[in-house]
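A.B. asks: need coordinates for the following:
(one chain, ligands or ions: 1)
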Amino acid sequence: MKIWIVLEQKDGELHRMSREAIAAAQGLAAATGGGSVDAVLLGGGIATLAEKVAGGYALGSVRVADHPNLAAYTPGGYVAALSAAIAAAAPDWVVFPHTYQSVDYMARLAQGLGAGLLPEVTAFEEDAQGLLFSRPVLGGKLVAKVRVRGEGTMLLSVQSGAWAAESAQAGSGELVTLDGDLAAAKPDREILGVEEVGGEQVDLTKAEVIVAAGRGVGGADKMGVIEDLAAALGAEIAASRPVIDNGWLPRDRQIGSSGQTVAPKLYIAAGISGAIQHTVGMKGSAVVVAINKDPGAPIFSLSNYGIVGDLHEVLPALTKAIRRAKEL
Ligand SMILES: Cc1cc2nc3c(=O)[nH]c(=O)nc-3n(C[C@H](O)[C@H](O)[C@H](O)COP(=O)(O)OP(=O)(O)OC[C@H]3O[C@@H](n4cnc5c(N)ncnc54)[C@H](O)[C@@H]3O)c2cc1C
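C.D. replies: Residues are numbered from 1 along each chain as shown. All right, here's what the predicted structure looks like:
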């Protein structure tokens, strides 16, 4: 098996999910008999980063496309640079981190190459017939099990948090130039400017204890129970997406596939159902405590402790017990 990973970088720094993609690709190689894993890095002025990647991870090679045409991401430039190289090398798998950027151009790349496309993979397992991939469908309400048939290159993206970045194997790889005529990889749009949304972000990734609120809290005016428990524990407050979309908390408090990925020592999920888009962002937590009035809520399946009940009764009782324990 020949496996490629297309790493994502910005301003000479690897995107966090690039390391997760390396871990996924190395796992795929191990599962398919230990094939080669080569990384591709695109950009402009990325020589330092390329050396760092080549010296940091167990890769066959790091294929670098360093050209002014690729300095700013454009789908046309990236598709042109990658199409020629992938067509020439014909890898069996090309693994991407599932980011806004890869989502923007992967389908176009697959179509041009006549390759298969398997986006948002969260896991794979082996059975008698080969590899079986899991990916969420219908907004994460169902998990589809997908088997790939036929020949040729397959493009695959891996969901945020599905593989741990820390499990990417360290080592080194040979630094080589990506095949192809990069001068022909012309940007297909003019970037007029880049606006950062959010500005100063709260970094929840360093939090040791998180109290997370879900839609079940019921409203911005009812967040007091969350704030009280967080204060008693010295915890950060986080939330599922509906809480953010409803404006009960600012966007930088969101956990999940379109929010932050955290791995605290303790994660308390209150009124959160446990949709995959949320759990990919917190399943690395050491201990998960879930409070939900529905005993069938999916969040209980990944919880160490589950409390079935109304969070407006359970949380104040917990807060009181913690305060009392601290006074002793
Ligand atoms: C492309 C995409 C990206 C997404 N990204 C994210 C993301 O980054 N993060 C994220 O969180 N979601 C994300 N989502 C949304 C996700 O699919 C779910 O809709 C969301 O996580 C559900 O949030 P929730 O659990 O708070 O709400 P719900 O699913 O509505 O669950 C509320 C829960 O609260 C319980 N409850 C209600 N009242 C009480 C009470 N009084 N006491 C105790 N329990 C109670 C209910 O039983 C229920 O289980 C995304 C969706 C899509 C399509």
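
A.B. asks: for Ala85, what are its contacts?
C.D. replies: Contacts for Ala85 (C-beta atoms under 8 Å, 6 or more residues apart in numbering) come out as 40, 63, 65, 178-180. From N, CA and C alone the C-beta is placed, and that goes for glycine too.

A.B. asks: quick one: it is in a helix?
C.D. replies: Yes: note on Ala85: a helix contains this position according to DSSP: H, G, I helix; E, B strand; the rest coil.

A.B. asks: which pLDDT does the model give it?
C.D. replies: Reading off the confidence values, Ala85 has pLDDT 96.

A.B. asks: report the separation between it and the ligand.
C.D. replies: 30 Å (C-beta to the nearest ligand atom, to the nearest Å).

A.B. asks: ditto for Asp294
C.D. replies: Following C-beta to the nearest ligand atom, the distance that separates Asp294 from the ligand is 4 Å.

A.B. asks: how about the residues of the stretch 201-328 of the chain by the ligand?
C.D. replies: Contacts of the stretch 201-328 of the chain with the ligand, taken as C-beta under 6 Å from any ligand atom, map to 214-216, 240-242, 254-259, 271-273, 275, 277-278, 281, 291-294, 297, 310-312.

A.B. asks: do that again at 5 Å, thanks
C.D. replies: The stretch 201-328 of the chain has residues 214-216, 240-242, 256-259, 271-273, 275, 277-278, 292-294, 297, 310-311 near the ligand, with proximity defined as C-beta under 5 Å from any ligand atom.

A.B. asks: in what helix or strand does the closest residue to Val62 other than its chain neighbours lie?
C.D. replies: The shortest distance from Val62 to any non-neighbouring residue, by C-beta to C-beta, 6 or more residues apart in numbering, is to Ala54 (4.4 Å). Secondary structure assignment for Ala54, by DSSP states H and E: helix 47-56.

A.B. asks: what sits up against whichever helix or strand comes after that helix?
C.D. replies: Going down the chain from helix 47-56, the next helix or strand is strand 61-66, by DSSP H and E. In this structure, residues lying in contact with strand 61-66 by C-beta under 8 Å, 6+ apart are 4, 38-47, 50, 53-54, 81, 85, 173-180, 182, 185.

A.B. asks: those in helices, which ones?
C.D. replies: Those of these mapping onto helices are 47, 50, 53-54, 81, 85, per DSSP state H.

A.B. asks: who's in contact with the residue nearest to Val62?
C.D. replies: Here Ala54 is in contact with 61-62, 172-175 (C-beta under 8 Å, 6+ apart).

A.B. asks: selection in PyMOL covering whichever of the residues you listed are buried, please.
C.D. replies: Restricted to buried positions by 16 or more other C-beta atoms under 10 Å, the PyMOL selection for the contacts of Ala54 reads:
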select buried, resi 61+62+173+175
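
A.B. asks: which residues does the closest residue to Gly12 other than its chain neighbours contact?
C.D. replies: Of all residues not flanking Gly12 in the chain, Leu49 sits nearest, at 4.8 Å (C-beta to C-beta, 6+ apart). For Leu49, the contact set (C-beta under 8 Å, 6+ apart) comprises 9, 12-14, 41, 43.

A.B. asks: now do the same end-to-end measure for stretch 40-49.
C.D. replies: 12 Å (C-alpha to C-alpha, to the nearest Å).

A.B. asks: actually, stretch 166-179.
C.D. replies: Taking C-alpha to C-alpha as the criterion, the two ends of stretch 166-179 lie 30 Å apart.

A.B. asks: now swap in stretch 50-64 and tell me
C.D. replies: 7 Å.

A.B. asks: and that stretch, how far out from the chain middle?
C.D. replies: Mean C-alpha position of stretch 50-64 versus that of the full chain (C-alpha atoms, centre = their mean, to the nearest Å) differs by 21 Å.

A.B. asks: in it, what's buried?
C.D. replies: 50, 53-54, 56-57, 59-64.

A.B. asks: the helices in this structure, which residues?
C.D. replies: 16-31, 47-56, 75-89, 100-113, 224-233, 241-245, 276-279, 311-327.

A.B. asks: and the first one, how far out from the chain middle?
C.D. replies: By that I understand helix 16-31. 12 Å.

A.B. asks: quick check: angle from it to helix 100-113?
C.D. replies: Helix 16-31 runs at 50 degrees relative to helix 100-113, counting by axes from the mean of the first three to the mean of the last three C-alpha atoms, to 10 degrees.
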